[in-house]
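> from the sequence below, what's the structure:
(2 chains)
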2 protein chains.
Amino acid sequence: MSKIAPISGFPEYSPAQRIVEQRFLDVIRETFELHGFCSIETRAIEPVERLRAQGEDADKEIYGISRLAAYAEEVRWGLHFDLTVPFARYVLENAGTLDFPFRRYQIQKAWRGERPQEGRYREFTQADIDVVDVGMLAPHFEAEIPLVVADVFAKFPIGDFVIQVNNRKLANGFFAGLGIADIAGTLRIIDKLDKIGPDAVRDLLIEGGASAAQAQACLRLAEIRTPDLAFIEQVRALGVEHPLLDEGIDALAQVIEIAAHNAPGKVVAALKIARGLDYYTGTVYETQIVGQESWGAVCSGGRYDALASDGKTTYPGVGISIGVSRILGLLFGLDRLTASRATPSAVLVAVNDEADRPRSTAIATALRARGIPCEVAPKADKFGKQIRYADRRGIPFVWFPHADGDQVKDIRSGDQTPVDAAEWSPPDDDLRAAIVLR
Amino acid sequence: MSKIAPISGFPEYSPAQRIVEQRFLDVIRETFELHGFCSIETRAIEPVERLRAQGEDADKEIYGISRLAAYAEEVRWGLHFDLTVPFARYVLENAGTLDFPFRRYQIQKAWRGERPQEGRYREFTQADIDVVDVGMLAPHFEAEIPLVVADVFAKFPIGDFVIQVNNRKLANGFFAGLGIADIAGTLRIIDKLDKIGPDAVRDLLIEGGASAAQAQACLRLAEIRTPDLAFIEQVRALGVEHPLLDEGIDALAQVIEIAAHNAPGKVVAALKIARGLDYYTGTVYETQIVGQESWGAVCSGGRYDALASDGKTTYPGVGISIGVSRILGLLFGLDRLTASRATPSAVLVAVNDEADRPRSTAIATALRARGIPCEVAPKADKFGKQIRYADRRGIPFVWFPHADGDQVKDIRSGDQTPVDAAEWSPPDDDLRAAIVLR
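Numbering: from 1, shown residues only, chains lettered A, B, ... in the order given. Sure thing, here's the model as predicted:
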């Protein structure tokens, strides 16, 4: 038998960490639903050729699967490495029964065979929303995505955050207006700004064929970052003109204006945001945790004119993905987050002696019927030992059954009071485990 | 590119079905937590040799995985085919930090390469609870499991159910007292009773070496089924004696007695319940939906003296598994369950014209801040068309913004009333999609 050992890149949480993860996932789900997104789940696997179509490094990243009995034969299926490829397939497969525009969320695991490092895993959870329509997608959906994200992140106990927004048309129009030929290449170089700095970006742009003046203009565009419509004037001041630039400025202005009213202070126009991926065609998003900028984007996405296509019909979409495992992994790595207890139980019902256990079980049944999570002590030990059992798990209350009337002890304060299982409830704050920030 | 097509055995739900599934999973999770079980999630993969150790047909059932780039090489990992094997490994890996007895629940997908059929899938969701301890596990935990299951199933909108309980010691002691040599073999034959009937079971028992009288006694034991302690007298009336039989009777009596007080009418002693698997050593459970007995057991488990072992320490456990995909698959197959709407949105905020969209967005933001799921109409169509958009999705309310005061329409009744986004709420029953039984 193989040695018992962790598998690199496949993290597993402790029960307390899992409580934190569930709380994050609950917030995400509730908020996505408040914004009218439907849940779907797709199967874990897709045909290998569908996965391979997405990138050159596919064979390094994709986990193929086959039944062991047929393993030597050709591999037909692979585990999905994101939630966008399966969603695109789902849309095509169910186009006949879905109502468009279709607003869906999807919170699932994905698998990627890359080298694991802090905050990057081989098995990870993502939470995606997308709006997809048939043929045309109205631009107002691009303004809606940051409102959902702002609503989610405001409920996370991780401090301030900023959703940086740009528009591909703005950048592309600017580069075109400057007379730059390789627009996609320029975007990919600008995308490296945070990693390699402005000097190295300038060098790369010039190596790529830009003049010093063009490179300088690109860098000045990328410096523009405003929480309001001031970006418009700053772009105009650079003196570049192009119809696509105008279109991009208008589109970005709409997103910023809607955000100013519905998620004030959370969204900025950040003209350096490029998102390397080729398929984005409009608004692009990157979310950062304030003070943790070195983590990079923890939630990003954008608009694509062809999320899916069957050759006849094209389905444009706009969406964003929250890197749940990335955020939690980095927070757990800093040891900043935990749960107030490692169990859902708010109460441990003590047991006087094993013959009296049915009385304790009946008390637990009565408490549960009123929504109070509890458990019965595993052993009729001395009460001191039963209290230590609760203490080790962070269970705040111990219930003592007694013929003359039950009592409950708050083991943090030591307060002990007479109680009735048909009436007593713990304070609201103690009913569920709390998230603890350190 | 491969044709877009379902993959047999990997079902995907519609948005409405997914709402039903989520409601079932919420009930399961809440109830497991009320009973003090901690959530864990294990990685999707285990070393292949750990999975293979569990059965002879393993190579047919296990999906192996490798990165495509390394696919020809030896396969090291496989997808888990249940949640017990990974839990046993998790216990051994984390024994140093877990508090025992450890009560855990686990709701996850599992994968099995078997031939798909109605209610049996290659990708499926299970919901497991187990209590595991070090060295010794107190028998009262065996009485606790049916209370959790009864609590869960009572909240499912699928009618009545019965948890059938037996004890391996009772059956084994009875067979031993009868002088039967092959006790495990006898149990495996009795396990086929529901499938092949008593005559075929008698023939198999006799083929296996039992006398006609022994076979007859086994069948009479298997016929015993009582909702209370009456089973004791009926077993005694068969005149078989063995110390292990006495032990089994006492253990089963305890489980039945606790259930009579805490889950009345839901648990029966059913002495035909055998559970084919070799590793059970005490109480065994099989849950049936009343009126759907042909579905077989939808939730089963038992006690095993060695859930996990590292050679030095043994971890006994007791647990049960709810076949979530099995239950939902069969119910969806009967077309008996759906959701009242295919979206979380309770309200569609209409849009007067595109220039006025920001007003509608602000209304939606105000409603969401008070926990009301809603969405803004995708297009400033004629109101009739916007109402049809809501109707198609089952959204019950349409909100009309107006300078002279907003109005909301219940599109089922046609009632329209003046409202304020800072105050109005839909009736509680309309806030979330309801589960609809047909």
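
> drop to CA atoms for contacts and neighbour counts, all remaining ones
OK.

> domain map for chain A?
Listed by automatic domain parsing, the domain ranges of chain A are A:15-40+A:81-338, A:45-79, A:347-437.

> contacting residues for the closest residue to chain B within the stretch 1-150 of chain A?
The nearest approach of the stretch 1-150 of chain A to chain B comes at residue A:34, 3.7 Å away (Cα to the nearest Cα). Shown in contact with residue A:34 (Cα atoms under 8 Å, 6 or more residues apart in numbering or on different chains): B:344-345, B:368, B:371-374.

> chain A next: which of those residues are close?
Among those, the ones lying near chain A by Cα under 8 Å from any Cα of the partner chain are B:344-345, B:368, B:371-374.

> and the contacts of residue A:34, which is closest to chain A?
Taking Cα to the nearest Cα as the measure, residue B:373 is the one of the contacts of residue A:34 closest to chain A, at 3.7 Å.

> who are the contact partners of that closest one?
Shown in contact with residue B:373 (Cα under 8 Å, 6+ apart): A:33-36, B:344-347, B:367, B:431.

> okay, and which of those map to helices?
A:33-34, B:367, B:431 (DSSP state H).

> nearest to residue B:87, of the domains of chain A?
Comparing the domains of chain A by their distance to residue B:87 (Cα to Cα), the top pick is domain A:15-40+A:81-338, with 12.8 Å.

> show me what the mean pLDDT comes to for that closest one.
The average pLDDT for domain A:15-40+A:81-338 rounds to 95.

> of the domains of chain A, which is nearest residue B:268?
domain A:347-437 (18.4 Å).

> show me how far that closest one is from its chain's centre.
Taking the mean of its C-alpha atoms, domain A:347-437 sits 36 Å from the chain's own mean (Cα atoms, centre = their mean, to the nearest Å).

> for stretch A:183-203, which positions count as buried?
Using 16 or more other Cα atoms under 10 Å in any protein chain shown as the test for burial, stretch A:183-203 gives A:183, A:186-193, A:198, A:201-202.

> taking the centroid of chain A, which residue is nearest it?
For chain A, the residue nearest the mean C-alpha position is residue A:322 (2.3 Å; Cα atoms, centre = their mean).

> on the three-state scheme, that one is what?
strand (DSSP: H, G, I helix; E, B strand; the rest coil).

> what's the answer for the one 10 residues further on, then?
When classified by three-state DSSP, residue A:332 comes out as helix.

> tell me which residues touch residue A:130, please.
Counting by Cα under 8 Å, 6+ apart, residue A:130 makes contact with A:103-105, A:317-320.

> assumed it was part of a strand.
Yes: under three-state DSSP, residue A:130 sits within a strand.

> that older thread, so for residue B:274, which of the domains of chain A sits nearest?
Closest of the domains of chain A to residue B:274 is domain A:347-437, at 27.2 Å (criterion: Cα to Cα).

> model confidence over that closest one, on average?
For domain A:347-437, the mean per-residue pLDDT is 97.

> figure out the length between the terminal residues of that domain.
23 Å (Cα to Cα, to the nearest Å).

> identify the farthest-apart pair in the buried residues of stretch A:183-203.
A:183 and A:198 (18.0 Å).
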